[in-house]
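Peer 1: Quick one: sequence and predicted model below, then my questions.
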Amino acid sequence: MTDAPIRFTADRQTYVRHHIVLAAVAMALAMLLLWLIDSPHVWTGAIAGLGAIALRGWFLASEQLAETWQLGDDTLTGAGDRTIPLDRIATLRRMSSFVQVITTGGDKHLIKYQANPDETIATIERHRR
């Protein structure tokens, strides 16, 4: 069906945006926890949440941004030699900036940090037919 495989790579801007949202949630939850335990230093929760997510984002960036999925004529291949025959895909679902691929056997895979996950799903769907 295709001459060259289609590649789905992680988008750096999407990765950063995703971590900004994670940091905001972590900051709020950490501050809420400190408020619930009646700490006089609630504000330190914001620093802890921001620091934790910033460290996580920095540490995992090279690995997460290097992950590439490839769509061939009859397979979807991902990192770690994950190969999914297109006729074994039961469901494609958008989850924020991720595309969840569920096989007929129940295996679940994530194509992470897609700039346009709806377009990723549409492209895979077109090749499944």
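Peer 2: That came through fine.

Peer 1: Provide a list of residue ranges in this protein with pLDDT below threshold.
Peer 2: Counting by pLDDT under 70, the chain shows low-confidence ranges at 1-3.

Peer 1: Domains in it, by residue range?
Peer 2: Here the domain parsing of the chain from automatic domain parsing is 10-66, 68-128.

Peer 1: Tell me which of those domains sits nearest to A4.
Peer 2: With C-beta to C-beta as the criterion, A4 lies closest to domain 68-128 of those, at 9.4 Å. (Each C-beta comes from the backbone N, C-alpha and C, glycine too.)

Peer 1: how many neighbours does E119 have?
Peer 2: Counted with other C-beta atoms under 10 Å, residues neighbouring E119 total 12.

Peer 1: Would you map the strands across the protein?
Peer 2: Here the chain has its strands, by DSSP state E, at 6-9, 68-71, 75-78, 82-85, 89-95, 98-103, 108-111.

Peer 1: how about TSV for those, with distance to S39 and mean neighbour count added?
Peer 2: Output for those, formatted as TSV (distance: least, C-beta to C-beta, whole Å; neighbours: other C-beta atoms under 10 Å):
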stretch	distance to S39	mean neighbour count
strand 6-9	43	16
strand 68-71	44	19
strand 75-78	43	19
strand 82-85	44	14
strand 89-95	34	13
strand 98-103	34	19
strand 108-111	36	17
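
Peer 1: Let me see the contact set for the closest residue in space to D11 that isn't next to it in sequence.
Peer 2: Excluding the flanking residues, the one nearest D11 by C-beta to C-beta, 6 or more residues apart in numbering is A115, at 3.9 Å. Residues in contact with A115 (C-beta atoms under 8 Å, 6 or more residues apart in numbering) are 11, 13-14, 97.
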